[in-house]
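Asker: here is a sequence with its predicted model. Questions after.
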2 protein chains.
Amino acid sequence: MSTPGLASTNEAEIKLLDSALRLFSQQGYEGTSIREIIEGAGVTRPVLYYYFENKEDLFQRLFETKFNDLIERINEAASAEGPCIPRLKGIIAGAFELAEENGAAVQLILQVLFSAPQQGPSLDRQKLMRQRFKIVEKVIRHGLDNKELSGGDSQSLTLVFLGIMDMHMMAKSNRMETRLSSELALSLVDLFVAGAKYRALPETNLVSPYAF
Amino acid sequence: MSTPGLASTNEAEIKLLDSALRLFSQQGYEGTSIREIIEGAGVTRPVLYYYFENKEDLFQRLFETKFNDLIERINEAASAEGPCIPRLKGIIAGAFELAEENGAAVQLILQVLFSAPQQGPSLDRQKLMRQRFKIVEKVIRHGLDNKELSGGDSQSLTLVFLGIMDMHMMAKSNRMETRLSSELALSLVDLFVAGAKYRALPETNLVSPYAF
DNA sequence: CCGTTTTTACCTAACGTTCGTTAGTTGTCG
DNA sequence: CGACAACTAACGAACGTTAGGTAAAAACGG
């Protein structure tokens, strides 16, 4: 039977979004057909057009939701109180958490951010990239200001930081058994700030989650 | 030589590969049609099927060529004599050079490496990733062995290193005016080995090529 | 060296399939 | 009854692909 009380809303819409996430994240936008999506959701085609304008609208609404989840997670860690380095750790840990909880969503996001310029539906990749970039850069600029960090301007360091973060999420996308633990997140930031140079000081001891 | 006089070599094949590179790198595999490719090359459709088995064969042969260019460039720097750190600098510098010379090729490569698992033509992404990974890892393991480097196992450090490298090439793909100079390559490796922690020692002074 | 055959490099014109999309209809409830 | 949520059935367009043909160059036999 349909829903008596609470849920009440559009079970079909949710099923469509779930199915679309699964398929888009694995096959990409053009590689996934409307027919596959509705089949995965167990509904018929006009139902999709009842809830969504068209294929692109479905993708955009799906993507927006998932991307906002990530931004929210990162933003939360970024706007914490205190020094910069723990906040950076929180950012990576937050992103890693999301990747563990919802691997498909993270796959979808990375896929969009790193796809060809004119690929897929029209999304302003640069704007999306910038959105995330700005959040991290603000934290790093803060760290540079109180001499917690050095070694380059805020934009350079941010690009390096995001590279480290994204490469690990990408590694998980390729091999889902790769665990992105919060311990790993902490180690990565330690490596980021202390470097990979041998010295006698207490050093990070990173262990790769990415075993070949 | 097959051709005594001028042209008469498979000019059409070269034009097709050029056109395909331009389009695939910008629109992706599924986003590019055979018709666009032949139009860009100024030939007719059967000509494409004369030189290539099908669309997938065209893509694979194009990709293989460009990927081997990158591997070759990286391998050359990796197999140089001497300590590890200059070799790492050579690796990034080599990749950056290629990105400056042939931006479209690098875009194509990154697009394949970072695309969704079942997207596009069947290519063994993991194998490709591993190929590049192994080359860099060997250099880094060497650095760990003679205490040039520390801070984690060879796989962890390699993943971080590749993340830094790829994120910069990705940034250039998004904004082609971004210059990936060899000076930047050196600075990035310095940052990689020395970290972003403030200290009185002689430090890298990275300046971002990626201005928002 | 010349006439014939074969191969190369391209063409025009279509084929069948799959795609995203929609018009029109029906059953269910408040 | 009328709004909602689903259905069946088809549409036109775009896709990758191929059958069949042609003009010129290359290879070859006498």
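Answerer: Yep, that arrived.

Asker: does stretch A:50-59 come close to chain B?
Answerer: No. Stretch A:50-59 is not in contact with chain B by Cβ under 8 Å from any Cβ of the partner chain; minimum separation 12.9 Å. Heads up, the C-betas are built off the backbone N, CA and C, glycines and all.

Asker: for that stretch, buried residues please.
Answerer: A:Tyr51, A:Phe52, A:Lys55, A:Leu58, A:Phe59 (16 or more other Cβ atoms under 10 Å in any protein chain shown).

Asker: isn't the fourth one up against A:Tyr50?
Answerer: Looking back up the chat, that one is A:Leu58. No. A:Leu58 lies out of contact with A:Tyr50 (Cβ atoms under 8 Å); the separation is 11.6 Å.

Asker: number of residues surrounding the residue nearest to A:Gly28 when sequence neighbours are not counted?
Answerer: Closest residue to A:Gly28 in three dimensions, ignoring its sequence neighbours and counting by Cβ to Cβ, 6 or more residues apart in numbering or on different chains: B:Gln119, at 3.8 Å. Neighbour count of B:Gln119, defined by other Cβ atoms under 10 Å in any protein chain shown: 26.

Asker: tell me how chain A divides into domains.
Answerer: A:10-52, A:56-194 (automatic domain parsing).

Asker: need these in TSV (columns: mean pLDDT and distance to B:Gly143).
Answerer: Shown next, in TSV, are these (pLDDT from 0 to 100; distance: least, Cβ to Cβ, whole Å):
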stretch	mean pLDDT	distance to B:Gly143
domain A:10-52	94	36
domain A:56-194	95	14
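
Asker: so which of these is nearest DNA strand C?
Answerer: domain A:10-52 (3.4 Å; Cβ to the nearest atom of the strand).

Asker: close to DNA strand D, is the closest one?
Answerer: Yes. Domain A:10-52 reaches DNA strand D (Cβ under 7 Å from any atom of the strand) through A:Asn10, A:Glu11, A:Ala12, A:Val43, A:Thr44, A:Arg45, A:Pro46, A:Val47, A:Tyr50.

Asker: just the buried ones from those?
Answerer: So, by 16+ other Cβ under 10 Å, the buried ones in those are A:Ala12, A:Val43, A:Val47.

Asker: re the thing from before, nearest to A:Pro209 among the buried residues of stretch A:50-59?
Answerer: Of all the buried residues of stretch A:50-59, A:Pro209 sits closest to A:Phe59, with 30.2 Å by Cβ to Cβ.

Asker: mind checking which of the buried residues of stretch A:50-59 land in helices?
Answerer: Under the assignment DSSP state H, those contribute A:Tyr51, A:Lys55, A:Leu58, A:Phe59 to helices.

Asker: neighbours of A:Glu101, just the number please.
Answerer: That count, for A:Glu101 with other Cβ under 10 Å as the rule, works out to 11.

Asker: please apply the same query to A:Thr65.
Answerer: A:Thr65, neighbours per other Cβ under 10 Å, totals 12.

Asker: so it is in which element?
Answerer: Using DSSP states H and E, A:Thr65 sits in helix A:55-78.

Asker: that older thread, so which of the buried ones among the residues of domain A:10-52 next to DNA strand D sit within helices?
Answerer: Of the positions in these, A:Ala12, A:Val47 sit in helices, assigned by DSSP H.

Asker: tell me which element A:Glu30 falls in.
Answerer: Short version, using DSSP H and E: A:Glu30 is in no helix or strand.

Asker: quick check: chain neighbours aside, which residue is closest to it?
Answerer: B:Glu30 (3.5 Å).

Asker: is it true that that neighbour touches B:Gly120?
Answerer: Yes. Counting by Cβ under 8 Å, B:Glu30 touches B:Gly120, with 6.7 Å between them.

Asker: what sits in contact with each of the two?
Answerer: A:Gly28, A:Gly31 (Cβ atoms under 8 Å, 6 or more residues apart in numbering or on different chains).

Asker: neighbour count winner among those two?
Answerer: B:Gly120 (23 against 18).

Asker: SS state for the more buried one?
Answerer: At B:Gly120 the chain is in coil, as set by DSSP: H, G, I helix; E, B strand; the rest coil.

Asker: spit out the contact partners of A:Leu128.
Answerer: Neighbours of A:Leu128 in contact, by Cβ under 8 Å, 6+ apart: A:Phe67, A:Val112, A:Leu113.

Asker: which of the residues you listed are buried?
Answerer: Buried members of these, counted by 16+ other Cβ under 10 Å: A:Phe67, A:Val112, A:Leu113.

Asker: if we look at DNA strand D, which of those residues are close to it?
Answerer: Within these, nothing lies near DNA strand D by Cβ under 7 Å from any atom of the strand.

Asker: what about A:Pro83, how many residues nearby?
Answerer: Around A:Pro83 there are 13 residues (other Cβ under 10 Å).

Asker: would you confirm that it contacts A:Glu148?
Answerer: Yes. The criterion here is Cβ under 8 Å, and A:Pro83 meets it with A:Glu148 at 5.9 Å.

Asker: could you measure from A:Leu110 over to A:Ser156?
Answerer: Remark: distance between A:Leu110 and A:Ser156 (Cβ to Cβ, to the nearest Å) = 22 Å.

Asker: again with A:Thr178
Answerer: Counting by Cβ to Cβ - A:Thr178 and A:Ser156 are separated by 27 Å.

Asker: how far off centre is the host helix or strand of A:Ile135?
Answerer: Element membership for A:Ile135, per DSSP H and E: helix A:125-145. Helix A:125-145 has its average C-alpha position 15 Å from the chain's average C-alpha position, going by Cα atoms, centre = their mean, to the nearest Å.

Asker: the residue most central in space within chain A: what's it in contact with?
Answerer: The centroid of chain A falls nearest to A:Val106 when counting by Cα atoms, centre = their mean (4.2 Å). Going by Cβ under 8 Å, 6+ apart, A:Val106 touches A:Leu70, A:Ala95, A:Leu98, A:Ala99, A:Met169, A:Lys172, A:Ser173.

Asker: from those, which ones fall inside helices?
Answerer: A:Leu70, A:Ala95, A:Leu98, A:Ala99, A:Met169, A:Lys172, A:Ser173.

Asker: A:Lys127: which of the residues you listed is nearest?
Answerer: A:Leu70 (14.6 Å).
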